[in-house]
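**Student:** Got a predicted model here, sequence first, then my questions.
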Amino acid sequence: MAGLLSVETVDPGLDPVLGSPRRIFRRRPRWIVAISIVVAGLLLLPLVFLIMQARLVGGEDLKRILFRQLTLDLLRNTVELAVLVTAACAVLGVGAAWCIERTMLPGRRVWAVLIVLPAAVPDFIVGYAWHSIAPSMTGLKGAAIVMSLALYPLVYLPVAAALRRVDPALEETARSLGCGPWTTFRRVTLPQIRPAMLGGCLVVMLALLAEFGAFEILNFQTFTTAIFTEFRVDQSAASALALVLVALAIVVLAGDGLIAGRGRVSRAGPAATRPAGRRRLDVMMIPTLGALTVLVGLSLGVPIGTLIYWLASSQHSTLPAAATLASATFATVKYAAGAAALATVAALPVALLTNVRRTRGLKVLERSTLLIQAIPGVVVALTLVFFSVRYAYSLYQTSTLLIFAYALLFFPLALVCIRGSVAQAPPRLTEMGRSLGRRPFAVLTRVTVPLIAPGLISAFSLVFLSAVTELTATLVLVPTGTQTLSTQFWAYQSNTSYGAAAPYAAMIVAIAAVPSVVISFWFARRTGAAGAVLS
Amino acid sequence: MSVLEVRSLRAAYGVNQVLHGIDLDVPSGSITAILGPSGSGKTTLLRVIAGFERARSGTVSIAGQVVESPRRHVPPERRRVGYVAQDGALFPHLSVARNVAFGLHRGAGRDTRVAELLALVGLTAFAGRYPHELSGGQQQRVALARALAGSPPLVLLDEPFAALDASLRSEVRRDITRILEETGTTTVLVTHDQDEALSMAGQVAVLRAGLIAQAGSPAQIYQQPADPELAQFLGEANLLPAQAGSAGLKCALGTLSPAFEPAVPDESVMVLIRPEQLQVQATAAPDAVLATITAVEYHGHEALLSLTVTKESAADHSPLTLRARTRPQPGFVPGAEVFVCVAGAVHAWPARGPAGLVSS
């Protein structure tokens, strides 16, 4: 699951009352810009390698590979799935957000947690859970159901945050102008939450394009599964399909710009501090509770329940040696920690650009680092293999390359986290420190660092947790002779040894999924950008 | 005829009683201000009238129809009450014209009505703009046009100028008063700014701790407030103890003539002297009392002086401080000695409690 990250660009530091505080940094610290350029260059490497690979294949061959039935089938599968899942996620996400944010639902706080937890379970584990108990869940139907249940929180989170931000006076005014509750929702509330909803839908689509494990398990052919298969047989076919996949993802990513351009949700006056009113459910209470229970049961209960079932039944059948589990856990933690450190260090200078007076060039630079979101894990892995085999054989199948791949994939997560907290340390405060008689270095250590430290910690943690749950790039790049939790899980589940695979899946959920929810909540509360994080 | 009638209205948030039995009549075509400090319940009262909150007991009738009672709650969309929120609450996704048209039904007359209203608020040229492209004052005028579009019998304004810059406020206030008067709109304005209430409204109801402390014309409540506390809330007030007698009210500043004959002669009373009732002169005059200027607040067109009365007459009292509003004069500087006397009749209440309650 690469780039499950808000495409909603937070524009921090802009104070509507006091004007742009950015003006205070007159000089752009050169080292920040220089390092940012290097980081942006590294992030563009997969794209560069992909184009180099395609050029090696040659135009004629590319045409031959691309203009055939397989490509068409993959395209149709992808589009069909994207339409179904995105629509389902939009309905489930907006519906759940409205029930939890705007009604007097009993136990709202508990529901608010339960409803986002499914996002923390890696999709391949959800796919495995469903397939192991309902083998008929395959193809488009299976993939659509499983992915909708796994991804709807990506719409829920930004929409719930947007609902909290809508000025209640807007809805009240609409009521006083003669609109009933439903008309008010359609004509006033919906336009206000539409950018958040569409943003969430784009993230869902990016996740669908990048997903590999769940589709492989559910026997549903998409670009990622085809690339993975072709990669072993026909490298040129793999890179040709990768080109199409990346092109699709770039189209989706570009959609973000359109949303941002059209969304007029800015509040004209000062921010409202009053929370919106909640509706009584009355006769709708039981149906609403029932619907939410079914949703949480299917999206969270089934995966966790299945996992527990297999864990319990594997006690007396195919229990893997505890030593294997321990060594796989150790390898996973080691690589993930390395990647987290690398991504955090690389994201820091780019995040600091936020506080610098930005020129057009710097904005392009910052945006270009987010382009990596369009490149699914399988493609990153593919291009890194291409590069190492051809130009740096000593790196091939080393942990360095795997850690580098993780850092590339999850860089945007780190960037969003750190940028969020850099916004908490606006230049105004730095200036204040200076005016109180402190030297720049003292201001850095006593003001800036304490303020952005939470962002650094959450960036490290999120990248770490995402790397733990990574499957696709790991399968391709894992050093020979080493097993991580996800590769070991994959090996067992491919042989339909569901019981043997369960402990590895459980370990992944335990060390990654659970803390990631805690962090995403904490982060969402701090920055208000609730959609910014996940898994 | 009253467009709005509120009868023994009580409202609460949970166990927290906010309104303790409000009675209010708003005559047709008038502007009524509900004035109160924050926490007095004025916004709750407005929200109950609009239908956004429910009342515990009592009734609200609009144009003769009961819209709120313990048995009945007409939803806001069926009350036909125009509502202007504090920051305008313009729909950010709609242009100015479409904001104004929001509550109007599709039909031939709609565009004409929108054009008419935009002309009324002087924003015809801004029809295609979006809310974020307007100044705060323009936003409030659009919000008013939108509220007036359906010709509601009653319009509610919830602190409509609080979010505006001070420099803009009086201008927007004038504009909006003119529009409301031109259209003869029955209006309820909620505000915590006594200046706003006194200058805009034909009727002011002062709300205090969930009860109407006093209602009347602006002059009435400014000159004859119901009690000393209200007097201070409505503006600068000098409160002096006095003794009522046949000659008038005897106090530290001499014998003053009462606005009303005191009910009981020889009674202890408290007199209210507004700062503009004090005349300050550099030279001695009959009946004038000697005072020292301790501070000057200069406002250009006027000056607010803080004075200490140097009293020989009542030596047992601590020095009496006064606030006086005068035309600025070069001799009025801190430390200068001046002569003070009271012009015109003064309002007085029977003194309650200990007589130590002196001056503001």
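**Tutor:** Ah, there it is. Residues are numbered from 1 along each chain as shown, chains lettered A, B, ... in the order given.
**Student:** just for chain B, where's the confidence low?
**Tutor:** Within chain B, the segments meeting pLDDT under 70 span B:261-266, B:311-318, B:352-360.
**Student:** how about 50 then?
**Tutor:** Applying pLDDT under 50 to chain B picks out residues B:315, B:353-360.
**Student:** Tell me which stretches of it form helices.
**Tutor:** B:42-50, B:96-101, B:108-120, B:136-148, B:166-182, B:194-200, B:218-223, B:228-233 (DSSP state H).
**Student:** Name the residues of chain B found near chain A, please.
**Tutor:** B:50-52, B:75-83, B:85-93, B:102-103, B:130-132, B:134, B:136, B:139, B:143, B:146-147, B:149-150, B:156, B:163 (Cβ under 8 Å from any Cβ of the partner chain). To be clear about C-beta, it is placed using only N, CA and C from the backbone, and glycine gets the same treatment.
**Student:** So which of the residues you listed sit within strands?
**Tutor:** Counting by DSSP state E, those place B:81-83, B:156 in strands.
**Student:** Can you name the residue of the stretch 101-250 of chain A nearest chain B?
**Tutor:** A:Leu177 (3.1 Å; Cβ to the nearest Cβ).
**Student:** Just give the number of residues close to that residue.
**Tutor:** Other residues near A:Leu177 come to 28 when the count uses other Cβ atoms under 10 Å in any protein chain shown.
**Student:** Now do the phi/psi pair for it.
**Tutor:** phi -90, psi 10 (degrees, to the nearest 10).
**Student:** what's the neighbour count on B:Ser246?
**Tutor:** B:Ser246, neighbours per other Cβ under 10 Å, totals 7.
**Student:** got the helices of chain B as TSV, with mean neighbour count columns?
**Tutor:** Shown next, in TSV, are the helices of chain B (neighbours: other Cβ atoms under 10 Å in any protein chain shown):
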stretch	mean neighbour count
helix B:42-50	25
helix B:96-101	23
helix B:108-120	15
helix B:136-148	25
helix B:166-182	15
helix B:194-200	19
helix B:218-223	18
helix B:228-233	18
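**Student:** circling back to that earlier point, ok, now which ones touch the residue of the stretch 101-250 of chain A closest to chain B?
**Tutor:** Counting by Cβ atoms under 8 Å, 6 or more residues apart in numbering or on different chains, A:Leu177 touches B:77, B:83, B:102-103, B:146-147, B:149-150.
**Student:** can you do 7 Å?
**Tutor:** B:102-103, B:150 (Cβ atoms under 7 Å, 6 or more residues apart in numbering or on different chains).
**Student:** what's the closest of those to chain A?
**Tutor:** So of the contacts of A:Leu177, ranked by how close each gets to chain A (Cβ to the nearest Cβ), first place is B:Gly103, at 3.1 Å.
**Student:** Narrow the residues of chain B next to chain A to just the buried residues.
**Tutor:** B:50-52, B:76-77, B:79-83, B:85-93, B:102-103, B:130-131, B:134, B:136, B:139, B:143, B:146-147, B:149-150, B:156, B:163 (16 or more other Cβ atoms under 10 Å in any protein chain shown).
**Student:** re the thing from before, closest one of the contacts of A:Leu177 to A:Val126?
**Tutor:** Closest to A:Val126 out of those is B:Phe102 (43.8 Å), distances taken as Cβ to Cβ.
**Student:** Need phi/psi at that closest one.
**Tutor:** phi -50, psi -50.
**Student:** Distance-wise, check it relative to B:Arg78.
**Tutor:** 16 Å (Cβ to Cβ, to the nearest Å).
**Student:** How about B:Gln220?
**Tutor:** 36 Å.
**Student:** what's the burial count for A:Ala160?
**Tutor:** Counted with other Cβ under 10 Å, A:Ala160 comes out at 27.
**Student:** my guess is it contacts A:Ala97, does it?
**Tutor:** Yes. Contact status for A:Ala160 versus A:Ala97: in contact at 4.1 Å, counting by Cβ atoms under 7 Å.
**Student:** Show the contacting residues for the residue of the stretch 251-360 of chain B found nearest chain A.
**Tutor:** Residue of the stretch 251-360 of chain B nearest chain A, by Cβ to the nearest Cβ: B:His299 (26.5 Å). Contact analysis of B:His299 by Cβ under 7 Å, 6+ apart lists nothing.
**Student:** Look up phi and psi at it.
**Tutor:** Torsion angles, degrees, to the nearest 10, at B:His299: phi -120, psi 10.
**Student:** same deal with A:Ile457?
**Tutor:** The phi/psi pair for A:Ile457 (degrees, to the nearest 10) is phi -70, psi -40.
**Student:** Would you mind measuring from it to chain B?
**Tutor:** For A:Ile457, the distance to chain B equals 35 Å [Cβ to the nearest Cβ, to the nearest Å].
**Student:** One more: A:Ile508?
**Tutor:** Going from A:Ile508 to chain B by Cβ to the nearest Cβ gives 43 Å.
**Student:** pretty sure that residue contacts A:Phe124?
**Tutor:** No. The pair A:Ile508 / A:Phe124 is not scored as a contact, 9.3 Å apart, by Cβ under 7 Å.
**Student:** that older thread, to B:Ala291, which of the helices of chain B lies closest?
**Tutor:** helix B:228-233 (20.9 Å).
**Student:** Identify all contacting residues around the closest one.
**Tutor:** By Cβ under 7 Å, 6+ apart, helix B:228-233 touches B:194, B:206, B:213-214, B:225, B:237, B:239, B:270, B:272, B:349, B:360.
**Student:** roughly how far out does it sit from the chain middle?
**Tutor:** Computed by Cα atoms, centre = their mean, to the nearest Å, the chain-centroid distance of helix B:228-233 equals 13 Å.
**Student:** quick one, helices of the stretch 201-350 of chain A?
**Tutor:** A:213-217, A:223-233, A:235-262, A:285-296, A:302-314, A:322-352 (DSSP state H, counting those that start in this stretch).
**Student:** these two touch, right, B:Thr44 and B:Ala11?
**Tutor:** Yes. Between B:Thr44 and B:Ala11 there is a contact under Cβ under 7 Å: 5.5 Å.
**Student:** which neighbours do those two share?
**Tutor:** Shared contacts of B:Thr44 and B:Ala11, counting by Cβ under 7 Å, 6+ apart, come down to B:18-19, B:53.
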